[in-house]
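no FASTA, just this:
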């Protein structure tokens, strides 16, 4: 699988070795000697990628960078690499959503496995996000009336109830419903509910 | 004054005149002694006799006794005319003097007085001295004449000669002709009996020149027996002691003598007349008579002769003290250094002893101190090692990190190279590049281990030349990982000049690390801006000063003196030995360590170490 690996390590030698190895495995590699430099050139999230991050780097530390990226809404998975793994740091980073935690020296097998997992994980995240974005844009195409019908459909209302609620005829509702299904590009009511669910449109009246 | 003396004389005169009238029994004699000496008093012998006599009289403190003395000089002048002259002279001289006792010295004087007493001093008792046994027997003295008889037997002189030369074969008489001898005349008569079995040589009555020539050529086994010599036979007269000195200069054999005064001029000794005691004995007898004792009741006594030997001559002729006659006295004993300087020696010896003792004590103390110093250094080294181990434990994560960094790079690079080489057309240029990286990282890892090992080394105290800037720099590098982990910024500004000190590099490194770690610990509670600034500089070319400043809260003023005390700690986990060991190490390097608070609030530790001369 292809993707971009962002390597953050203050140790030039190690950085070079990792970069070399990852390129041989077919990845695109970008290196950063400090956390700040990664932040300055924050990678876009449209193609699969991951971050290989040293725990101990001067200035902004690994865990601190993780926190900042979270705040910035980055979806890039982070694989931590450290010369000395203490339990406290490990637990903290994993809880904060780290993809993996590796200790130096790391074998290529472990490294590549972790990178691969992270990339595929990111790819899933990206495709899901892509789907969501599509769905969201499709839902956005609905007219206000159609949106009203959509909201009621996904909440399990039948046509009769909808017509009554909107003060219109069952036939008109049926026509709107047809439009909604078409615009959302779904074949079944179940699919439509799934989209609403994923887009969080059902949240309002659940609690 | 004059009138007083005149008055005194008058009183004495009246007393003298009245005395016989007041005591007609004549038992109370006038307290005056007239000494008539047969010699001329030039020689030491008669002088000694007289001084012995005078000594006794003047030390008799009961009552004053007047002492008159006349030297008759009978060895040089004789004959009836001389005697007549003497009598006239004495009669005239002593006409107005009351004499209690007459003391004669020498047989000639005694004889003269006996002959003239009736004219000069009728009825005055006589005490004689220095009259030998034979003369005494010959003179047949009246009852109011008594005194001391000396016995100088030739047998005694020969006995002394045998003591001096055990294998004695020959005795050599040296002196004036026998008929001129005053005291030793009897020896001539005794030769036939006393010198039985010995060769007898007489160098008698010759001139001094002849005598001196002959005494220089005497055979082995011979001994000179010196009587007395009064002139050189050519008109020059001298005391016999002086003559003896001239003879002794040439003599090739020991000289046995008969008078104490012959010892000093070169006599080896013998049974000698002791003039001092002869005089003293006579004086004592005279005083007894003056005190009222009847001379007839005092029998003449023998005395005045003693075996006395000359130490110097004994040494010359190798005569041992044990071979001398019993009761011998030794004169002129060359005192050994010990006898000569007894007190000085004792003092010097005591001081020496005292000094030796003192030195021994000081050496002992020095050794003890040295041992204690070694022990203390040893202990310090041990403790320092414990402290280093603890520090290394604290630093283990940063050490592991530092080590794993190159190891990680090596592993990855190796696997990459393997991958490249397993391909169909390996890019050898890239492999070479990788291998160079591996090599560099391997050396890096090795350096980390070397530093750690040298830090952890259990060493005894050793002294080496150290570049202080380099040492401080290494300490900062060693802790850089730890510092970044703890979010502490380390800065070091070393002096432009090279700072050379003598010391133990491991221990000084430890001091630096302790101070830096201590500074980092002190800032654990502050949220940001944790900074440690190191500085090295010279202080007037004599010493180097290292300063470690932090941006922490500083040390409470009342604790500034305590921070270096053992087991003083503000940390929960600290043992409180870091700074105390730092101080111990710095003191062992003859340096100083102290701490003060910055104006900004942090603490600043200073270490001063003497710069090495070169």
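Looks like it came in fine. In this text the structure is predicted, and so the values were computed from the model without any measurement.

contact residues of chain B facing chain A?
B:396-398, B:400-413, B:415-416, B:419-420, B:430, B:434, B:437, B:440-441, B:444, B:481, B:484-485, B:487 (CB under 8 Å from any CB of the partner chain). All C-beta spots, glycine's among them, are computed from the backbone N, C-alpha and C.

hmm, which of those residues are the buried ones?
B:397-398, B:400-413, B:415-416, B:420, B:434, B:437, B:441, B:444, B:481, B:484-485, B:487 (16 or more other CB atoms under 10 Å in any protein chain shown).

okay, now residue B:169: neighbour count?
13 (other CB atoms under 10 Å in any protein chain shown).

contacts only, for it.
The contact partners of residue B:169, taken as CB atoms under 8 Å, 6 or more residues apart in numbering or on different chains, are B:198, B:199, B:219, B:220, B:221, B:222.

so the last one makes contact with residue B:167?
No. When contacts are counted by CB atoms under 8 Å, residue B:222 is not listed as touching residue B:167 (10.4 Å).

quick one: the strands in the stretch 51-200 of chain B?
Assigned by DSSP state E, counting those that start in this stretch, the stretch 51-200 of chain B shows strands spanning B:66-71, B:101-105, B:126-132, B:145-150, B:170-175, B:199-204.

possible to save those as CSV with mean neighbour count?
Formatted as CSV, the strands of the stretch 51-200 of chain B follow (neighbours: other CB atoms under 10 Å in any protein chain shown):
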stretch, mean neighbour count
strand B:66-71, 16
strand B:101-105, 28
strand B:126-132, 28
strand B:145-150, 23
strand B:170-175, 24
strand B:199-204, 16
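
any chance of those in TSV, with mean pLDDT too?
Below are these laid out as TSV (pLDDT from 0 to 100):
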stretch	mean pLDDT
strand B:66-71	90
strand B:101-105	92
strand B:126-132	90
strand B:145-150	90
strand B:170-175	92
strand B:199-204	90
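
how many residues are close by residue 50?
Answering for chain A, as no chain was given. Neighbour number of residue A:50 under other CB under 10 Å is 26.

please refer instead to chain B.
Residues near residue B:50, counting by other CB under 10 Å, number 25.

again with the one 5 residues further on
Other residues within reach of residue B:55, judged by other CB under 10 Å, total 14.

just checking, it touches residue B:282?
No. Judged on CB under 8 Å, residue B:55 makes no contact with residue B:282 at a distance of 11.6 Å.

show the pLDDT at the nearest residue to residue B:601 once chain neighbours are set aside.
Distances taken as CB to CB, 6 or more residues apart in numbering or on different chains put residue B:554 closest to residue B:601, at 5.1 Å, once the chain neighbours are dropped. As predicted, residue B:554 sits at a pLDDT of 84.

check contacts around residue B:554.
Residue B:554 makes contacts with B:597, B:598, B:601, B:602, B:603, as judged by CB under 8 Å, 6+ apart.

can you check residue B:466 too?
Residue B:466 touches B:500, B:501, B:502, B:503, B:505, B:508, counting by CB under 8 Å, 6+ apart.

from these, which has minimum pLDDT?
residue B:505 (86).

surely that one meets residue B:467?
No. Counting by CB under 8 Å, residue B:467 is not a contact partner of residue B:505; they are 9.5 Å apart.

out of these two, which sits in the more crowded spot?
residue B:505 (20 against 15).

quick check: nearest residue in space to the more buried one, chain neighbours excluded?
Closest residue to residue B:505 in three dimensions, ignoring its sequence neighbours and counting by CB to CB, 6+ apart: residue B:466, at 5.3 Å.

for beta bridges, what are the partners of that neighbour?
Legend: beta-bridge partners of residue B:466 under DSSP bridges are residue B:501.

what helices or strands is the lengthiest helix in chain A leaning on?
Determined from DSSP state H, the single longest helix within chain A is helix A:108-140. Judged by 3 or more CB pairs under 8 Å, 6 or more residues apart in numbering or on different chains; DSSP states H and E, the packing partners of helix A:108-140 are helix A:12-24, strand A:49-54, strand A:78-82, strand A:100-103, helix A:189-198, helix B:396-422.

out of those, flag the one nearest residue B:583.
Residue B:583 sits nearest to helix B:396-422 of all those, at 25.5 Å, using CB to CB.

shaky segments in the chain?
No chain was given, so I picked chain A. Low-confidence segments of chain A, defined by pLDDT under 70: A:1, A:45, A:203-207.

my bad, chain B
Filtered on pLDDT under 70, chain B yields the residue ranges B:1-27, B:41, B:458-459, B:570-575, B:614.

can you list the domains in chain A?
A:4-132, A:141-198 (automatic domain parsing).

which residues are contacting stretch B:434-444?
Taking CB under 8 Å, 6+ apart as the rule, stretch B:434-444 contacts A:13, A:16-17, A:20, B:405-407, B:409-410, B:413-414, B:416-417, B:420.

and chain A, which residues reach chain B?
Counting by CB under 8 Å from any CB, the positions of chain A adjacent to chain B are A:11, A:13-14, A:16-18, A:20-21, A:24, A:56-58, A:61, A:81-84, A:86, A:103-108, A:111.

pull out the buried members of those residues.
A:11, A:13-14, A:16-18, A:20-21, A:24, A:56-58, A:61, A:81-84, A:103-106, A:108, A:111.

so residue B:234 is in contact with residue B:207, correct?
Yes. With contact defined as CB under 8 Å, residue B:234 reaches residue B:207; the gap is 5.7 Å.

okay, the two: which has more neighbours?
Using other CB under 10 Å as the criterion, residue B:234 and residue B:207 rank with residue B:207 on top: 13 against 8.

coming back round to it: need the helices and strands packed on helix A:108-140 in JSON lines (columns: distance to residue B:34).
Shown next, in JSON lines, are these (distance: least, CB to CB, whole Å):
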{"stretch": "helix A:12-24", "distance to residue B:34": "134"}
{"stretch": "strand A:49-54", "distance to residue B:34": "137"}
{"stretch": "strand A:78-82", "distance to residue B:34": "136"}
{"stretch": "strand A:100-103", "distance to residue B:34": "137"}
{"stretch": "helix A:189-198", "distance to residue B:34": "170"}
{"stretch": "helix B:396-422", "distance to residue B:34": "123"}
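
please name whichever of the ones you listed is nearest to residue B:113.
Here helix B:396-422 is closest among those (CB to CB), at 127.2 Å.

mind giving me the domain split of chain B?
Domain assignment for chain B by automatic domain parsing gives B:21-150, B:154-272+B:305-338, B:340-370, B:395-456, B:460-614.

to residue A:92, which of those lies closest?
domain B:460-614 (14.1 Å).

and stretch B:157-170, how far apart are its ends?
Terminal residues of stretch B:157-170 lie 13 Å apart, using CA to CA, to the nearest Å.
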